[in-house]
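Sequence and predicted structure are below.
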Amino acid sequence: MSGMLDNETALLEKMAAGDRDAFQAIYYHYAPRIYGKLLKLLHSEDLATELLQEVFIVVWQKHTVIDPNRSFRSYLFKIADNLAIDLFRKANRSTQLLNRLLEASIDHYTHTEERLEQKENAFLLQQAVDALPPQRKLVFTLCKLEGKSHDEVSLLLGISPSTVNNHIVKATRFLREYLADHPDIAGIILLYFILK
């Protein structure tokens, strides 16, 4: 998707004449970009959606004076920026709006922090599993991570179900010992592997 519509000038001229279909085509082309920008600024889907609608209300209100020979994309982003600035100014005067913005920012920060923590936990878990001998690691991964039954793993690897069980028991014992040496990841391993 390029920055400009192929027939943007013609659509802008039609919109200036009051053509709602042209307005709709312009909306569907630019709305995702404007929404993305607003979401980055506000960290709130609700507020970004509200301001997106306001951007295009302004466009429709001024559709007769839009110059089709000037950058329409820049014009839209300028409207979005101005509306976001106005929103932040209103937030300074409105406790309720300020609280919404703060909650959205905290939620965004929390989700980002959770994603980073999940990546770190996955790395630590992989470290523990990687310390297992190769065959045991494979059996443990198939049973505990992929959720395959002992019989399925037995067929896949051409070993007896009792051998599969033996690998699981020894892997669990090894991970308990690993926990003693690495208390920082003990809870993670317990949650994801041993108690599974």
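Structure's in. What do you need?

Can you give the domain ranges for the chain?
8-93, 114-194 (automatic domain parsing).

surely L157 meets R136?
No. Counting by C-beta atoms under 8 Å, L157 does not reach R136; the two are 11.4 Å apart. For glycine as for every other residue, the C-beta is placed from the backbone atoms N, C-alpha and C.

rank the domains of the chain by pLDDT, which is bottom?
The minimum mean pLDDT among these belongs to domain 114-194 (a mean of 76).

mind listing the helices for this structure?
Assigned by DSSP state H, the chain shows helices spanning 8-16, 20-42, 45-61, 72-93, 95-130, 134-140, 150-157, 161-181, 186-189.

TSV for those helices, including mean neighbour count?
Listed next are the helices of the chain as TSV, based on neighbours: other C-beta atoms under 10 Å:
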stretch	mean neighbour count
helix 8-16	18
helix 20-42	17
helix 45-61	16
helix 72-93	15
helix 95-130	13
helix 134-140	17
helix 150-157	16
helix 161-181	15
helix 186-189	17
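
State the distance from R136 to V169.
10 Å (C-beta to C-beta, to the nearest Å).

swap that for V139, please
Counting by C-beta to C-beta, the gap from V139 to V169 is 11 Å.

Mind listing the shared neighbours of those two?
Here V139 and V169 have no joint contacts, going by C-beta atoms under 8 Å, 6 or more residues apart in numbering.

what's around the residue lying closest to L156 once chain neighbours are set aside, how many residues?
Leaving aside its sequence neighbours, L156 sits nearest to L142 (C-beta to C-beta, 6 or more residues apart in numbering; 6.8 Å). Per other C-beta atoms under 10 Å, the neighbour tally for L142 reads 20.

residues contacting L142?
Counted by C-beta under 8 Å, 6+ apart, L142 has contacts K148, E152, V153, L156, L157.

ditto for S160
S154.

Give me the phi and psi for it.
Here is the backbone geometry of S160 (degrees, to the nearest 10): phi -70, psi 150.

Now do it against H150, distance only.
9 Å.

got it, and A80?
In terms of C-beta to C-beta, A80 sits 57 Å off from H150.

And for T9?
68 Å.

Let's see the distance spanning stretch 150-168 from one end to the other.
Criterion C-alpha to C-alpha, to the nearest Å; first-to-last residue distance in stretch 150-168 is 9 Å.

typo on my end, it should be stretch 57-74
Taking C-alpha to C-alpha as the criterion, the two ends of stretch 57-74 lie 17 Å apart.

what's next to it, contact-wise?
In contact with stretch 57-74 (C-beta under 8 Å, 6+ apart) are residues 3-4, 8-9, 12-13, 15-16, 18, 23, 26, 30, 33, 75-76, 79, 83.

Please repeat the previous calculation with a cut-off of 7 Å.
G3, M4, E8, T9, L12, E13, M15, A16, F23, I79 (C-beta atoms under 7 Å, 6 or more residues apart in numbering).
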